[in-house]
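# Structural data only, the sequence is not supplied:
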């Protein structure tokens, strides 16, 4: 049963020969009928329950039930199968094709065997009277059956090649479309992306990278050129170490203050990302960088503001409240020393000082709250 399943799968490979191969197959059955002097010649393929005629001479039908097939016995033999008189063979005495139309009395067939050893059908000849064929005719059937199989194998190989080419073209189109979309994304981002090989040479880069290098170094990026050619001399050694670590599998991320002593210093957030193949080997490194100059400037401004607010808070909490405390002390002494003084005057003075103290406390509280919020934003 297992071998039969493999055989059936092999049959399916050859069920759809193209027009050119079908013409060649019909020429072969015509030649077989002429050489063997029979009215009928067939090329058959046998699947689970049907005998299919892929080329024929002398019949108008395209299939029969496999259980009625003479070729069903032929595929079980290693050599030509000859039945000189079907009425004398107990296997076929009651076969409807023998006792009724078309009254088959003679059959000879050779198996069609694939390159992987499966008998998928036969090249056969049929007559309506008992007879035999010569040794030469038998050899002719053997040779022609091999030629039939060669044509079927060729047709299958050509069809498989065409399907493979079609699939390849489809994959190419999908890859081209994916690359187009990827390049669109790759070149539309403002961040810089450069791919570096084991020798630290540039493999690929996006448009933002090239524009940045042109702006800063007045150079154009080029594939095959060492990435270190695009760094200042004072940082080349450090960056060589970073690439060495990345090619050893270590991912790096840090902030770089670039050209700090120039008129236009730049802050970059750099990433060194190891790129591995299917064998988990690092084959390249992606150098990604984002401009964070604006963010660093904002952080500096926030730090300056926080420092100023801190100084204000110190002044408010200590220097402003100190004279208020002194005024309150003096008022207390005045009250003790001048009990007969105008009490309304002292009440007004005390109310004013207390109001000033409350306002200062409110300012201090607001300042402390502002400082806390600014620190939260930075964090």
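On my side now, so go ahead. In this text the structure is predicted, and so the values were computed from the model without any measurement. Numbering: from 1, shown residues only.
# what about the stretch 201-350 of the chain, any weak spots by pLDDT?
Along the stretch 201-350 of the chain, the model assigns pLDDT under 70 to residues 308-309, 312-327, 330-331, 333-350.
# In it, what residue spans correspond to strands?
Using DSSP state E, counting those that start in this stretch, the strands of the stretch 201-350 of the chain run over residues 202-205, 252-258, 266-276, 282-291.
# Just put those in CSV and tack on distance to residue 238 and mean neighbour count.
Every C-beta, even on glycine, is put in place using the N, C-alpha and C of the backbone. Output for the strands of the stretch 201-350 of the chain, formatted as CSV (distance: least, C-beta to C-beta, whole Å; neighbours: other C-beta atoms under 10 Å):
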stretch, distance to residue 238, mean neighbour count
strand 202-205, 19, 18
strand 252-258, 9, 13
strand 266-276, 11, 17
strand 282-291, 14, 18
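# Report the buried residues of stretch 229-238.
230, 231 (16 or more other C-beta atoms under 10 Å).
# Which residue, other than its chain neighbours, is closest to residue 38?
Nearest non-adjacent residue to residue 38, counting by C-beta to C-beta, 6 or more residues apart in numbering: residue 125, 4.3 Å away.
# Run me through the strand neighbours of the helix or strand the one you found falls within, direction for each.
Element membership for residue 125 (DSSP states H and E) is strand 119-127. Partner strands for strand 119-127, per DSSP bridges, with pairing direction: strand 40-46 (antiparallel), strand 106-113 (antiparallel).
# Would you reformat those as a markdown table and include mean neighbour count and mean pLDDT?
Formatted as a markdown table, the strands paired with strand 119-127 follow (neighbours: other C-beta atoms under 10 Å; pLDDT from 0 to 100):
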| stretch | mean neighbour count | mean pLDDT |
| --- | --- | --- |
| strand 40-46 | 25 | 97 |
| strand 106-113 | 24 | 97 |
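# Out of these, which is closest to residue 302?
strand 40-46 (82.7 Å; C-beta to C-beta).
# quick one: contacts of that closest one?
11, 14-15, 25, 28-30, 32-33, 51-59, 66, 69, 71-72, 75, 112, 120-127, 148 (C-beta atoms under 8 Å, 6 or more residues apart in numbering).
# I'd like the next helix or strand past that strand.
strand 50-57.
# got the angle between that next one and strand 106-113?
Strand 50-57 and strand 106-113 are oriented at 110 degrees to each other (axes from the mean of the first three to the mean of the last three C-alpha atoms, to 10 degrees).
# What is strand 50-57 packed up against?
helix 19-36, strand 40-46, strand 63-65, strand 119-127 (3 or more C-beta pairs under 8 Å, 6 or more residues apart in numbering; DSSP states H and E).
# how about a cut-off of 7 Å?
Secondary-structure packing of strand 50-57 (3 or more C-beta pairs under 7 Å, 6 or more residues apart in numbering; DSSP states H and E): helix 19-36, strand 40-46, strand 63-65.
# what about the helix or strand just after the last one, average pLDDT?
I take that to be strand 63-65. Next in sequence after strand 63-65, counting helices and strands by DSSP H and E, comes helix 71-74. The predicted model assigns helix 71-74 a mean pLDDT of 96.
# after helix 71-74 comes which helix or strand?
Downstream of helix 71-74 (by DSSP H and E), the next one is strand 81-83.
# per-residue confidence averaged over the helix or strand that comes right after that next one?
Counting by DSSP H and E, the next helix or strand C-terminal to strand 81-83 is helix 96-99. In this model, helix 96-99 carries a mean pLDDT of 95.
# Just give me how far helix 96-99 sits from the chain centre.
Mean-position distance between helix 96-99 and its chain equals 60 Å (C-alpha atoms, centre = their mean, to the nearest Å).
# Specify the angle between the strand holding residue 125 and helix 19-36 in degrees.
40 degrees.
# After strand 119-127, heading C-terminal, what element do we hit next?
helix 135-188.
# could you point out which element follows that next one?
Downstream of helix 135-188, the next assigned helix or strand under DSSP H and E is strand 192-196.
# quick check: angle from that next one to strand 266-276?
Going by the same axes, to 10 degrees, strand 192-196 makes 40 degrees with strand 266-276.
# What strands line up against strand 192-196, and which way round?
Here strand 192-196 has these sheet partners by DSSP bridges: strand 202-205 (antiparallel), strand 282-291 (antiparallel).
# out of the helices and strands packed on strand 50-57, which comes closest to residue 172?
Of the helices and strands packed on strand 50-57, the one closest to residue 172 (C-beta to C-beta) turns out to be helix 19-36, at 27.5 Å.
# Which strands or helices does the closest one pack on?
Partner elements for helix 19-36 (3+ C-beta pairs under 7 Å, 6+ apart): strand 40-46, strand 50-57, strand 119-127, helix 135-188.
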